[in-house]
Structure formats: structure tokens, C-alpha cells
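Student: got a predicted structure plus its sequence, pasted below:
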Amino acid sequence: MQLPKVELLFAALLACFVLLAAPVQAQSGRWQQAANYEMDIDFDVRSHTFDGSQRLTLVNHSPDTLWRVFYHLYFNAFQPGSVMDVRSGELLDADPRVGERIGGLKPDEIGYLRVSSLKQDGAAVRFAEEGTILEVELAKPILPGQKAVFEMEFKGQVPLQIRRSGRNNSEGIAYSMAQWYPKMCQYDEQGWHANPYVGREFYGIWGDFDVKITIDKDYIIGGTGYLQNPEEIGHGYTDKPGAGRGRKLTWHFKAPMVHDFMWAADPDYRHTSFTRADGTVLHFFFQPGPKTTENWDALPGIMDRAFDFIGRTYGPYPYKQYTFIQGGDGGMEYPMGTLITGERTLVSLVGVSVHELMHTWFQMLMATNESLYAWMDEGFTSYASNEVMNFLRREKLIPGNAVENPHTGANQTHIAFTQGGQAEPLSVHADHFQTNAAYGVAAYVKGEVFLHQLKYIIGEQAFNQGMLRYYHEWRYRHPNPNDFIRVMEKTSGLELDWYKEYMVNTTHLSDYAITALEEADKGKATNVTLRRNGLMPMPLDVVVTLNDGSKRYYTIPLDLMRGAKQTDGAIQWIAAPDWPWTNPVYTLTLPVATAQVATVEIDPGMRLVDANRNDNRKAP
């Protein structure tokens, strides 16, 4: 059928628009959703329940039309027969904090979130509660670039403290309120991430939170966000006691550009604060007593120095405050604050505080998909935490001696666990590891090794520049492993995709040996024969010590790298010819007579993960 001229013109214009728009969209970078929350909570401390209203504005920045949305209902995991309960029973090494405890909860001890009404732009929508996920059929689709306002009424019951959130924890903290509200699931280029909650990792949407919590006036609250009404509340935020109305007070918090909101409440909290030289306020909430007060009083000055080191090394802290709160079941990170158990030695208290604080840089500011890339948060945090603790020991701020390499323990654990046959690749989804041990070693230990060994490959200067560049380029943007490794490629000038692929997709180990030292060039040179015994190829640092005590530093790059590191701290490396990754044997020729050589050693700094170091050193 022949189209009228007007329609032909419209079709031509549309085709031109598509052709012109396509490359613009392709070059615009990854999109990400936005979700802004307004919540009003009325809390009953006698029944441990709360009534809530939520107004959520979702902006669909994706190129897709959304026909459904999903919410997390995390508290529903704390019910007998839940997916978290069953999963814990199926694991060979159940978390002792969970074990069979969920199955024994009584009706007034369980946790739940129950949605009573939900509207989209004023129109009622159909929804169904499926365990820890709320499935929602939209009243109308949300087109690309459009926004929708969801208004919800819900009720919650706080479970007994089992994992992360709950009431009456082991140290007597009344309420640790984490994962406590219906939270919109993430939608990204991979689609929806509506994973049932089994107690592992999280993935959230950036947004602003405006939260009002009405609770018995005897309770003191600390958490995410800036308190908007300190004069009304009092309780240590100002010198003026809270007036309130009746037996309750309303605490009003705002938190900009975060992907979660945590709070805790207890009538016995002592609240102290410390203002840093840059104006950042550190808040501390704890129950005073013989097991807490002395160490918690020492914590502010130590954490002030930790913030100095972290800011220089990993990037400046972008919010105006951070809050350390006694609560939870160990240590757990959240935006602008953390829940930590507080009855600890000073070193333990500082250690958990540093670790949870470091999550700010590798999860609260990055918001990677922890379920897929837990190691990019837990592992990177473990690496940085050990660096910070080593700094604090070096500065004599905590007991213990600083060491040259604070990561040798991680290397050894990684090797032993892998050789034991229990390791699983980093590419496994966090929920689907066969054991808690395999998940823990992969996420925390191998993730730490990933960074420590990367510094070995590219050199200290390029590594340090890369960590800061990663912070500046990828905060607030949900980076994935390729985004991180590309930053390191840019700062080092080396190709590193091979390293990422081996470390993430395999459980292979490196193992290198020096097999021979032989005279060459009629006694004027020495040939060092090296052999790769492991399945993972790596560049090698070889240190040659001569009889006069002088040293020569050689680096043997892989051909896959397309280059070699130049400097590493104070060391200037002599780049040897490439080692083809397929070749098991390599010869390094030294321009000195064998009689002048005292020893030749592979990686004396022990940064390379070498499965057998007994054959790494040889003398003529």
C-alpha cells in the first residue's frame, strides 16, 4: 500500500531520528535507576511492631519499559520455613549465628513485613507476597525516562536478633534496625535482581531518604542520615532536653544519595561525638559499662587518624558525618554508619570499626552488585582494612607492631584452602556457594589477594594511582570487575584482562621454581632456568644478590601484559624479555659471572601467590 506524502515524510524523519539517536545513546555510558524514599514510622516498643507509610519515587532511566516492579521484604526471612531457614539447614557449615534458630522462633518472635496497600500514581496495583519478595503488577507501564510514585502502607514486626537486624541482641541492645523496610529491588542492564534473602549480600538503588521515626521518648536513635530536629529531640545531640508530645518523640532524618537506611535504638545509649579538622562529625552510640566505656572513649581519636589515612589513600569521605553504633551481631556496614558489637578489646573494637568504615569506599560509594561481585566489596575492604590497621600500629595508636607485608596471612589462607579442594570461583553468585567457608574465603580472602597481587604486577605507584582513580571515576555508578580492571590498565599502561579472568573465573594457583643456575657466554654470564609448575601464569620478580651484597631487580613480564612495570616503591625494575604464557620453561640471562652470584630468589617480598615457595631461592 502506498503511503500518503505526509506519512512518508514522517517515516523519513523518524528513520533519521533513529539513526542519529542510536550512536548518541550508545556513547552515553551506563544508565542507572533512581529511587527516593519518604517514610513515616510509628514504633511500638511494647509489641516490637511498627506501622509505616512509604512514598517512593522511582525514575526509570533504563531504555526498557517496566511492566512490573519488585520489593525486598527482608524481615520475612526470619520465619520458620523461610528460604533463609531452609538454606541454613542445608549448608554443611551453617553460620552459628543462624543455625536452627529461625526454625524455633515463636509467632511473637518472628520478623515480618506485611504490605496492606500499594498505589502507583494514585491507582491501586495488584501485589503478592512471595517470601522475602513482593511482586507488583503495575497499573500502567513505566516508560523509559518516566517516573512513578508508589504510596504504600505496611506493618512490620522486629524479630529476635539472629542475623544483622533484630531486637535484644547478645549485648542487650534493644533494636538494630537494618533491612527493616520494603525496599525496591534493583533493575539494571541485566534486568531485575529480585533475589530471595538468604543472609548474604545486597544491591541497591541510589536515592535520597527522608525518614521520620516516632518512638517512646526514652529511646535514643542513631543511624544513617542527618538529624533534622535536634533541638526537639535532645538526647545528646544538643544540650536541650527533648520536649516531645505525650510519651513519644519523632526523630526526623534525611540522607542524600545513599542506597539504604539503617538505624538503631536503645534507652541506655550514651551518645558522644568528635568533630574532625575537616568538619566531619563522628558519632558514637554505646551502652556504658566495664566492658565498653574505656575502649569506646578511646575510639574517636583513633578513628580520626584512620580517616586521615583513608582519605589520602582511597579518596575523601563525601558526607558530613559517620556513626559507629553498638548493635547487630558482629559488624555490618551501612551508608553513613555501621552496627558493631561493642564489648571488645581495644584492638578488636578498632579492627571492626575500621573494617566496617572501609566498606564506605568499596560498597556504600560504589554500590556494586554484591551478590555477583562480593569480593569487590568484602575483599577490597579486607585489603584496605589491613593497610589501615598496619598504619595505626606504625603510628603507635593501637597495640602491636607494624609489618612490611600485612597480607601474607591472606595469601597463605588462599593457597591452603584452594589446595584443600574446597575453593569455588569468584564468579559464583554469593547465594549459591556450597559452603559458608568457600564463600568467606572467596569474598574476603581471595578478594584481598586480588588487590595485593595486582600491586605486585603493576607496581606500587601505578596501583596507588589506580585506587584513587577508581574512587573518583566510579563512585555512585555501580562498577563491575571490568570497570575496575580498566582503571588499572589505564594507570599502569598494561593489559590486565588475563589476570581478572584467571582470578575471577578459575581456582588456579601459581607455582614457580628456579631449577638451575648455569654459566653462559664463556663464564661472563649466568643463565637462570625458571619453571612454571602451576596453572596460573604470572609475571615474576627475581632478585639477584651478588657476593658484594648489592642487588639487581629483574621483572619478567608475561607476553599477555604488553609491557612491564617500571617502578615499585623505591625499586627500579630491569625488564627482562617477555615470558610467553604458554611456555613452561624460561631462561633469564644475567650479565654477571656465576661466581659473582650469591643467591637468586623469586619474589622475596612474598606478594606473589606461589603454592610452593621451597623452590624459589637458589645459590650456585
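Tutor: Structure's in. What do you need?
Student: CA only for contacts and neighbour counts going forward, please
Tutor: Will do.
Student: so what sits opposite residue 58 in the bridge?
Tutor: residue 35, residue 148 (DSSP bridges).
Student: all numbers from here: first residue = 35
Tutor: With the count now opening at 35, the last piece we talked about shows up as residue 92.
Student: so what pLDDT did it get?
Tutor: Per-residue pLDDT puts residue 92 at 98.
Student: how close does it sit to residue 103?
Tutor: 10 Å (CA to CA, to the nearest Å).
Student: which residue lies nearest the spatial centre of this structure?
Tutor: By CA atoms, centre = their mean, the chain has its centre lying nearest to residue 411, at 2.2 Å.
Student: for that residue, which non-adjacent residue is spatially closest?
Tutor: Here the nearest residue to residue 411 in space, its sequence neighbours aside, is residue 396; by CA to CA, 6 or more residues apart in numbering that works out to 5.1 Å.
Student: where does the one you found land in three-state SS?
Tutor: Following DSSP: H, G, I helix; E, B strand; the rest coil, residue 396 is assigned to helix.
Student: number of residues surrounding it?
Tutor: 24 (other CA atoms under 10 Å).
Student: contact partners for it?
Tutor: By CA atoms under 8 Å, 6 or more residues apart in numbering, the contact set of residue 396 is 410, 411, 414, 415.
Student: mind putting these into CSV with pLDDT?
Tutor: Putting the contacts of residue 396 into CSV (pLDDT from 0 to 100) gives the following:
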residue, pLDDT
410, 98
411, 98
414, 98
415, 98
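Student: for residue 359, state which of those is nearest.
Tutor: residue 415 (19.2 Å; CA to CA).
Student: can you pull the buried residues of the one helix or strand that closest one maps to?
Tutor: Secondary structure from DSSP states H and E places residue 415 in helix 414-428. Buried residues in helix 414-428, counted by 16 or more other CA atoms under 10 Å: 414-427.
Student: just to revisit the earlier point, got a markdown table for the contacts of residue 396, with distance to residue 325 too?
Tutor: Listed next are the contacts of residue 396 as a markdown table, based on distance: CA to CA, whole Å:
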| residue | distance to residue 325 |
| --- | --- |
| 410 | 34 |
| 411 | 31 |
| 414 | 31 |
| 415 | 27 |
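Student: and the helix or strand where residue 84 lies, how far out from the chain's middle?
Tutor: Using DSSP H and E, residue 84 falls within strand 83-93. With CA atoms, centre = their mean, to the nearest Å as the basis, strand 83-93 stands 26 Å off its chain's centre.
Student: which elements pack onto it?
Tutor: strand 68-78, strand 181-191 (3 or more CA pairs under 8 Å, 6 or more residues apart in numbering; DSSP states H and E).
Student: send the alpha carbons of it over as CSV?
Tutor: Written as CSV, here are the backbone C-alpha positions of strand 83-93 (Å, rounded to 0.1, in the frame of the first residue of the first chain):
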residue,chain,number,x,y,z
THR,A,83,6.0,-3.7,65.9
PHE,A,84,5.7,-0.6,63.7
ASP,A,85,3.2,0.9,61.3
GLY,A,86,4.8,2.5,58.2
SER,A,87,3.8,4.7,55.3
GLN,A,88,6.2,5.0,52.3
ARG,A,89,6.2,7.3,49.3
LEU,A,90,8.7,6.1,46.8
THR,A,91,9.5,8.0,43.6
LEU,A,92,11.1,5.7,41.0
VAL,A,93,12.8,7.2,38.0
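Student: okay, the angle between it and strand 181-191?
Tutor: Using axes from the mean of the first three to the mean of the last three CA atoms, to 10 degrees, the direction of strand 83-93 lies 160 degrees away from that of strand 181-191.
Student: now do the helices in the protein.
Tutor: Counting by DSSP state H, the chain has helices at residues 39-60, 117-124, 264-267, 327-348, 380-393, 404-408, 414-428, 442-453, 470-474, 481-492, 494-508, 515-526, 531-539.
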